[in-house]
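Participant: Below is the structure, and that's it, no one-letter string:
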């Protein structure tokens, strides 16, 4: 069933879900079988390679820097179009729209994620009565529950304060509305608390893990599996600071999928033939979305920051495979000092059928999640065994990121130092993937960070996102607020942010 028909009819409220499914169409088959609803789930509940989820987040963390130079002198729009997001302006969607950003239509993550949630709810609401095997129904229900958990998780981490926010508690903090069925109603949804949203996320994950674990089929990497569901669970519990559950779920992931890319055997660092983000990487558990997710308007001028590059050790192979300095021969076309290899932007399958995607879940995250949880147990309980287990995870990952002749395993250090080492390693490994760095900064206590903005050649302005700045929480889009008067806007700065 075509996404355009389902989303337009249901999201706009033209007819009820049940009525739509009962009516005959000359261009679409009426969904009756389990496979029909599996197709509805895939076309309406999964992001495709044109889906942009939250491209503006790529412009907000400390991994990004603005570069200006002769190479972009005739393309000033690439500097100014998305400056509002880069500067953390309170109404950056409107600021970017006025500046002519062609990405402004993709800055409404609220609508994007709720449309995907609708696709999962259609499947969950009608799968049980469809014609098909129990195994098929379990597989699709498992996918739908896991995806719905993921989408609510993303929404609450974009539009609400972190679960561990020091200024409030999850039960007192406004979250996002929970949408748990495909029925249309005149009742305007209100914001559930952050605690309520996380409770639903973990409940959905329990269901997803249960159903996907019934058969443990060898699914394609473009659909979530039982292993991917456990990886998401390890991430969710990391944000909730439930360390033992992080370890339990990360252990499950690595028992099935311990593979790591050996960069010392990489060879020619061609990100298209051997994509880091995509099906060609042995670490990949699930890949989805568009390559332009990490490269909104301004690609080539908004890219790897010196702050990120300086975080690597000199012999770290990621500095030539994940990104690298711009070669001299490219200088006439690139003003940036670094080029991102991780997201090549090519979505055409190569000779082996591999394709680069915008985001992926990788086994490397499981090592990092588990290491951080063990360090927190070491920090809070003085558990030396936990410290060693954390090092085992970190050293296993890091050994694949260096030439064996230059790799030195880490040894146990004080807990606070080990925690910072783990966080730095997480940054080095996961930069420009999904929203990891931005959301990590939020759960680290929302520290102050700076952006160097170059509106013209030779001119640099410094913008500061203050510690616990209100713009660490994304404003709900104005058109959403206009349609639903029951929603309350997040606290925002009262005026435009000015350079220091």
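Facilitator: Structure's in. What do you need? Please read these numbers as outputs of a predicted model, since none were measured by experiment.
Participant: Just give me the residue right at the centre of this protein.
Facilitator: Centroid-nearest residue in the chain, with Cα atoms, centre = their mean: residue 434, separated by 2.9 Å.
Participant: confidence score at that residue?
Facilitator: As summarised for this prediction, residue 434 has a pLDDT of 89.
Participant: Over to it. Which of the three states is it?
Facilitator: coil (DSSP: H, G, I helix; E, B strand; the rest coil).
Participant: now it: how far from residue 362?
Facilitator: From residue 434 across to residue 362, the span is 10 Å (Cβ to Cβ, to the nearest Å). Any C-beta I mention is one placed from the backbone N, CA and C, and that applies to glycine too.
Participant: And residue 499, by the same measure?
Facilitator: 37 Å.
Participant: which of the two has more neighbours?
Facilitator: residue 362 (25 against 13; other Cβ atoms under 10 Å).
Participant: if I look at that one, how far off is residue 261?
Facilitator: Residue 362 is 9 Å from residue 261, by Cβ to Cβ.
Participant: Overlap of the contact sets of these two?
Facilitator: 281, 283 (Cβ atoms under 8 Å, 6 or more residues apart in numbering).
Participant: Distance of residue 108 relative to residue 178?
Facilitator: 19 Å.
Participant: Name the nearest residue to the residue nearest to the centre of the chain, sequence neighbours excluded.
Facilitator: Sequence neighbours aside, residue 359 is the residue nearest to residue 434 in space, at 4.6 Å (criterion: Cβ to Cβ, 6 or more residues apart in numbering).
Participant: The one you found contacts residue 433, correct?
Facilitator: Yes. Contact criterion Cβ atoms under 8 Å: residue 359 and residue 433 qualify, at 6.3 Å.
Participant: so what's in contact with the two at the same time?
Facilitator: residue 277.
Participant: and the longest helix anywhere in the chain, what does it pack onto?
Facilitator: Using DSSP state H to define each element, the chain has its longest helix at helix 134-159. Applying 3 or more Cβ pairs under 8 Å, 6 or more residues apart in numbering; DSSP states H and E, we find helix 134-159 packed against helix 34-45, helix 109-126, helix 194-213, helix 226-240.
Participant: Just put those in CSV and tack on mean neighbour count.
Facilitator: Shown next, in CSV, are the helices and strands packed on helix 134-159 (neighbours: other Cβ atoms under 10 Å):
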stretch, mean neighbour count
helix 34-45, 22
helix 109-126, 22
helix 194-213, 20
helix 226-240, 24
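Participant: now for the ones you listed, which one comes closest to residue 293?
Facilitator: helix 109-126 (11.2 Å; Cβ to Cβ).
Participant: Any stretches of the stretch 51-200 of the chain with poor pLDDT?
Facilitator: The stretch 51-200 of the chain contains residues with pLDDT under 70 at 71-75, 102-105.
Participant: at 50 what do you get?
Facilitator: Regions of the stretch 51-200 of the chain meeting the criterion pLDDT under 50 are absent.
Participant: Does residue 336 fall in a helix, a strand, or a coil region?
Facilitator: Classified using three-state DSSP, residue 336 is coil.
Participant: my guess is it meets residue 305, correct?
Facilitator: No. In this structure, residue 336 is not within contact of residue 305 by Cβ under 8 Å, at 9.9 Å.
Participant: shared neighbours, these two?
Facilitator: residue 65.
Participant: which stretches of the protein form strands?
Facilitator: 64-66, 284-288, 302-304, 323-325, 338-340, 359-362, 449-456, 459-465 (DSSP state E).
Participant: looking at the ones you listed, which is closest to residue 400?
Facilitator: strand 359-362 (11.8 Å).
Participant: ok, back up a step: what about the residue nearest to residue 434, how many residues nearby?
Facilitator: 23.
Participant: hey, what's it bridged with?
Facilitator: residue 288 (DSSP bridges).
Participant: Could you pull up the residues touching it?
Facilitator: 53, 277, 287-289, 293, 433-434.
Participant: closest one to residue 186 among the helices and strands packed on helix 134-159?
Facilitator: Judging the helices and strands packed on helix 134-159 by Cβ to Cβ, what sits closest to residue 186 is helix 109-126, at 16.8 Å.
Participant: ok now that closest one, how far from the chain's centre?
Facilitator: 17 Å (Cα atoms, centre = their mean, to the nearest Å).
Participant: Could you report the distance from residue 231 to residue 126?
Facilitator: 28 Å.
Participant: ugh, typo on my part, it should be residue 398
Facilitator: Taking Cβ to Cβ, one finds residue 398 at 47 Å from residue 126.
Participant: now swap in residue 176 and tell me
Facilitator: 25 Å.
Participant: Please apply the same query to residue 133.
Facilitator: Distance from residue 133 to residue 126, by Cβ to Cβ: 16 Å.
Participant: got it, and residue 497?
Facilitator: From residue 497 to residue 126 the distance is 47 Å (Cβ to Cβ).
Participant: next one: residue 259
Facilitator: 37 Å.
Participant: same deal with residue 410?
Facilitator: 51 Å.
Participant: wait, what's in contact with the closest residue in space to residue 484 that isn't next to it in sequence?
Facilitator: Closest residue in space to residue 484, ignoring its immediate chain neighbours: residue 188 at 5.0 Å, by Cβ to Cβ, 6+ apart. For residue 188, the contact set (Cβ under 8 Å, 6+ apart) comprises 484-487.
Participant: out of the residues you listed, who's nearest residue 381?
Facilitator: residue 487 (41.6 Å).
Participant: The closest one: how many residues sit nearby?
Facilitator: Neighbours of residue 487 (other Cβ under 10 Å): 20.
Participant: Give me the neighbour count for the residue lying closest to it once chain neighbours are set aside.
Facilitator: Among residues not flanking residue 487 along the chain, residue 481 sits closest, at 5.6 Å (Cβ to Cβ, 6+ apart). By other Cβ under 10 Å, 15 other residues sit near residue 481.
Participant: repeat for residue 466
Facilitator: Residues near residue 466, counting by other Cβ under 10 Å: 15.
Participant: So for it, what's the pLDDT?
Facilitator: 98.
Participant: All further residue positions should be reported with the first residue as 895.
Facilitator: Noted, 895 is the first residue going forward, which turns the last one into residue 1360.
Participant: OK, contacts around the closest residue to it other than its chain neighbours?
Facilitator: Of all residues beyond its chain neighbours, the one nearest residue 1360 is residue 1342 (5.3 Å), with distances taken as Cβ to Cβ, 6+ apart. Applying Cβ under 8 Å, 6+ apart, we find residue 1342 in contact with 1358-1361, 1363.
Participant: would you turn those residues into JSON lines with distance to residue 1332?
Facilitator: Below are the contacts of residue 1342 laid out as JSON lines (distance: Cβ to Cβ, whole Å):
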{"residue": "1358", "distance to residue 1332": "16"}
{"residue": "1359", "distance to residue 1332": "11"}
{"residue": "1360", "distance to residue 1332": "16"}
{"residue": "1361", "distance to residue 1332": "15"}
{"residue": "1363", "distance to residue 1332": "12"}
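Participant: Write a PyMOL command that selects only the buried members of these.
Facilitator: A single PyMOL command suffices to select whichever of those are buried according to 16 or more other Cβ atoms under 10 Å:
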select buried, resi 1358+1359+1363
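Participant: what's the closest of the contacts of residue 1342 to residue 1282?
Facilitator: Once Cβ to Cβ is applied, the member of the contacts of residue 1342 that ends up nearest residue 1282 is residue 1361, at 33.4 Å.
Participant: hang on, isn't the closest one packed against residue 1343?
Facilitator: No. Using Cβ under 8 Å, residue 1361 is not in contact with residue 1343; the gap is 9.2 Å.
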